[in-house]
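Q: have a look at this prediction, sequence included:
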Amino acid sequence: MRDSETKQRTRDGPEAPPQRGPDLKKLARQLHDMESIRNRYFPVWEEIAKYIVPGRGVFSKDLPDQGDRKDKELLDPTPLQALHVLSAGLQGGLTSPSRPWFRLGVSDGELADLHPVRLWLDEVERRMFHVLAQSNVYNALHTLYMEVGAFGVGAMLVEEDEQNVVRAHAFTAGEYCLSYGADGLPNRFGREFWMSAQQMAEEFGEDVLSDGVQNALTSGRMDQWFRVCQMIVPDEDAQEGEFPVLSVYWEEGKTDVREHEPLAVRRYASMPVLAPRWEVVGSDYYGRGPGWDALGESKTLQELRRDALLARKYLIKPPVVAPNRIHEAHPDLTPGGITLVDDIANPNQFFRPIFQVRPDEQGQIIAMQDSREIIKTTFFADLFLAILRNPDKNMTATQVNAIENEQMTMIGPVYERLDHELLDPFVGRVFGIMDRFGLIPMPPEELSGAELKVDYISMLAQAQQMVGLSGIDRLTEYVGAVAKFQPEALDVFDADSTIDEYARMLGTPAAIIRSDEAIAQIRQQRAEQQAQMQQAEQVQQMASAANQGAGALRQAGDAAIGGGLDALAGMMGGGAETV
């Protein structure tokens, strides 16, 4: 885990405030420089928001709650629908709320096989999933996936919450700016946003508010908006024992510390902002995603849709010509209307189209359908809907999984980046917060000094591992076939290791698999029972043999006695009397 909170089991409570005041002017300059880089992306982001995902993105300082429509250019909603499928697919494929999607482990393979260690890891997982289910994290992740799919980058703040332990807030493009470190993770984050006077009082307290905000509160203008700035940066001057990440809030324009205090100063044990990207070009801070790739086709689709609607409108309500004085007749242009004219024989008295419109409706439909398919493919919508589209309703579960995993493997490179930039820091962040809240049980002695790791068992993760599972399946079937005519082949096959590896790749809970000690005890008991049964069989065989020997001796004795009587009778000149 990359979160520093996992390396020290401190239980000091919530993230503590610092003891020194920050340099607001320096932070304001950093924010301005970061915004200058971000603003270069505004032209493309604005087009993406206009033609793909209306309503998302903040590209001006306009006040919130304007209530204006932002989907006027989206005549065909296919791009937005495809983006929804993508975000839902990533949610279910990476971080599904309805099934486990990660497992904790240790790097040392021998430690991982110890039963107390596996039980402790399972208990920690259970608690983490419970905390995540009780929070708003999954809602924020869904919004984050939409941002990454549309704009190529997203940002989410993960903070402590006294009630739900963890609280998340997802941002939209243009609302924030950031920079990345050499490890590919964000190291600075800044934003400007609006807050009402009441929100500022609730969040920061009235004592630190400016005169303008306090006047709005006292005069009852609770919903008056004010501009607030925030910067989250590493604190190079952090003292020993202080958390190393600094978060500072201040009101826009109020950076003179001699006249104004920061609205809030907080510290974090690790970077609380997660900022995954779909793909990155060179050293760019901001990524590019399917929204960039589908932008041109989305604009084409809207143009095709607009032309089709215009052609149909010309067909239904064409422009017409009429006599100069037709307006005196009060023409009725409604369906079924009647207009009276003086001379019905004069054709010039009639309305007639200026030109005839004969649109190629079939061609327009085909062109729009092709455009829709391109957009859906660009957003991987066809991958996540492959099962629903399959016409074979009698497919087996194995066939369904094979198609699903084959399709999702195509998104593997994106999964690897999201693993590094989102999942790893997210799991570490949640673990660290729970640890400082005292929600992580003390580990067994065997884990002292051991390093924890995270294995992902989501649908997408398992799709990457299906190659390994298929290999195990084929090997098992082959060994079983060979053993039918050559049983010695089973000597080569290690069934115990095969089951352990298969369970690990499937993400099976440790409690289902017995420990090595329990397996050894069961096998010892079985061997003792088999030995006792063999001993009993041997005693029974010996007793049976003894009984058979005694019967033979009796038969021999009887034969000997009968022969002597016959001999004596012969010597006396007579035979034995026949009875």
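A: Thanks, I have the structure now. Numbering: from 1, shown residues only.

Q: what about this protein, any weak spots by pLDDT?
A: Low-confidence segments of the chain, defined by pLDDT under 70: 1-20, 257-258, 325-329, 335-350, 386-409, 463-470, 504-511, 545-546, 548-579.

Q: okay, now the domains of it?
A: Using automatic domain parsing, the domains assigned to the chain come out as 4-290, 292-377.

Q: next SSE downstream of whichever strand or helix holds residue 29?
A: Using DSSP states H and E, the element containing residue 29 is helix 24-38. Where DSSP H and E defines the elements, the next helix or strand beyond helix 24-38 is helix 42-51.

Q: summarise which helices and strands that next one is packed against.
A: Judged by 3 or more Cβ pairs under 8 Å, 6 or more residues apart in numbering; DSSP states H and E, the packing partners of helix 42-51 are helix 137-151, helix 290-316. C-beta here means a position set from N, CA and C on the backbone, and glycine is covered the same way.

Q: so how far is that helix off the chain centroid?
A: For helix 42-51, the separation from the chain centroid amounts to 26 Å (computed by Cα atoms, centre = their mean, to the nearest Å).

Q: ok, and for that helix, which residues are buried?
A: For helix 42-51, burial by neighbour count (16 or more other Cβ atoms under 10 Å) applies to 44, 45, 47, 48, 49, 50, 51.

Q: turn those into CSV, including distance to residue 223.
A: CSV is the format used below for the buried residues of helix 42-51 (distance: Cβ to Cβ, whole Å):
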residue, distance to residue 223
44, 34
45, 29
47, 32
48, 31
49, 26
50, 29
51, 33
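
Q: out of those, which is nearest to residue 31?
A: Distances from residue 31 to the buried residues of helix 42-51, taken as Cβ to Cβ, are shortest for residue 45 (18.7 Å).

Q: surely that closest one meets residue 57?
A: Yes: with contacts defined as Cβ atoms under 8 Å, residue 45 counts as touching residue 57 at a distance of 5.7 Å.

Q: overlap in contacts of the two?
A: When contacts are counted by Cβ atoms under 8 Å, 6 or more residues apart in numbering, residue 45 and residue 57 have 151, 173, 174 as shared neighbours.

Q: which among the residues you listed end up buried?
A: Buried by 16+ other Cβ under 10 Å: 151, 173, 174, out of the shared contacts of residue 45 and residue 57.

Q: can you redo those as TSV with distance to residue 319?
A: Shown next, in TSV, are these (distance: Cβ to Cβ, whole Å):
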residue	distance to residue 319
151	42
173	43
174	43
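
Q: closest to residue 90 among those residues?
A: Residue 90 lies nearest to residue 151 out of these, by Cβ to Cβ, at 14.4 Å.

Q: now do that closest one against residue 286, distance only.
A: To residue 286, residue 151 is 8 Å away according to Cβ to Cβ, to the nearest Å.

Q: returning to what we had before: which stretch among the helices and strands packed on helix 42-51 comes nearest residue 484?
A: Residue 484 lies closest to helix 137-151 among the helices and strands packed on helix 42-51, at 49.6 Å (Cβ to Cβ).

Q: can you work out which other helices and strands pack against the closest one?
A: Packed against helix 137-151 by the contact rule (3+ Cβ pairs under 8 Å, 6+ apart) you find helix 42-51, helix 78-94, strand 156-161, strand 165-170, helix 290-316.

Q: switch to 7 Å and redo it
A: Packing partners of helix 137-151 (3 or more Cβ pairs under 7 Å, 6 or more residues apart in numbering; DSSP states H and E): helix 42-51, helix 78-94, strand 165-170, helix 290-316.

Q: can you give me the strands for the stretch 101-250 of the chain?
A: Per DSSP state E, counting those that start in this stretch, the stretch 101-250 of the chain has strands spanning 102-106, 156-161, 165-170, 176-180, 186-196, 225-234, 245-251. These are given in chain order.

Q: which parts of the third one are buried?
A: Of the residues in strand 165-170, those scored as buried under the neighbour-count criterion (16+ other Cβ under 10 Å) are 165, 166, 167, 168, 170.

Q: also the last one?
A: Residues of strand 245-251 classed as buried by neighbour count (16+ other Cβ under 10 Å): 245, 246, 247, 248, 249, 250, 251.

Q: just to check, the last one is in contact with residue 228?
A: Yes: in terms of Cβ atoms under 7 Å, residue 251 counts as a neighbour of residue 228; the distance is 6.0 Å.

Q: got any residues that touch both of those two?
A: Common neighbours of residue 251 and residue 228, using Cβ atoms under 7 Å, 6 or more residues apart in numbering, are residue 263.

Q: helix or strand: which one has residue 471?
A: Using DSSP H and E, the secondary-structure element containing residue 471 is helix 459-485.

Q: residue 302: which of the buried residues of helix 42-51 is nearest?
A: Set against residue 302, the nearest of the buried residues of helix 42-51 by Cβ to Cβ is residue 51 (6.2 Å).
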